[in-house]
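1. Need a 3D model of the sequence below.
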Amino acid sequence: MKIVLDTNIIISAIIKNSLTRKLILNKKFELLVPSFSLSEINKHKEEICKKAKISPKQFYILLEKLFNYIKIVNSVFYDNFIKKASKLIKDIYDVPFVACALALNCPIWSDNKHFKQQNKIKIFTTKEMFYNMDLI
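-> Residues are numbered from 1 along each chain as shown. Here you go, the predicted structure:
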């Protein structure tokens with residue numbers, strides 16, 4: 001199953017070895033992110049390292065490990081969906097995720113409630129990913 005990951009899911013997986021990280025590493029899903037995601041993660045590197053109590057080197061090791069399971073989608077692929085996506089979600093930083101999901105015709109995995117305020121794209125929370133994907 002293809003699914004677009006919200007950046008906060010990846011950040012959560014870096015900060016703590018939790019269910020989120022296990023879901024990413026289980027190879028059951030084809031996980032995708034818009035190219036914008038990597039720069040967003042790097043922008044918050046210091047804050048992530050502080051919360052996770054890890055060094056920048058450990059941060060990059062974890063990031064690389066996670067991105068062995070996550071594909072980056074070039075913006076050229078979803079640029080034609082930006083206008084439609086911007087009508088569906090108010091947060092401009094989330095528009096690329098919605099556009100990517102529209103282009104790929106797949107759901108988004110996010111724990112941010114505002115994603116569920118639109119009705120064009122199915123949104124899964126981490127809990128829903130776990131329970132609805134036969135992972136028990």
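
2. can we go C-alpha only for contacts and neighbour counts from here?
-> OK.

3. can you pull the contacts of residue 75?
-> 34-36 (C-alpha atoms under 8 Å, 6 or more residues apart in numbering).

4. so the closest residue to residue 21 other than its chain neighbours is in which element?
-> Using C-alpha to C-alpha, 6 or more residues apart in numbering and skipping the chain neighbours, the partner closest in space to residue 21 is residue 13 (4.5 Å). Assigned by DSSP states H and E, residue 13 falls within helix 7-15.

5. same for that helix, what does it pack against?
-> When contacts are defined as 3 or more C-alpha pairs under 8 Å, 6 or more residues apart in numbering; DSSP states H and E, helix 7-15 sits against helix 19-25, helix 36-43, helix 45-52, helix 56-67.

6. Need those helices in a markdown table (columns: mean pLDDT and mean neighbour count).
-> Output for the helices and strands packed on helix 7-15, formatted as a markdown table (pLDDT from 0 to 100; neighbours: other C-alpha atoms under 10 Å):
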| stretch | mean pLDDT | mean neighbour count |
| --- | --- | --- |
| helix 19-25 | 92 | 17 |
| helix 36-43 | 91 | 15 |
| helix 45-52 | 96 | 16 |
| helix 56-67 | 96 | 15 |
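
7. Cool, thanks, signing off.
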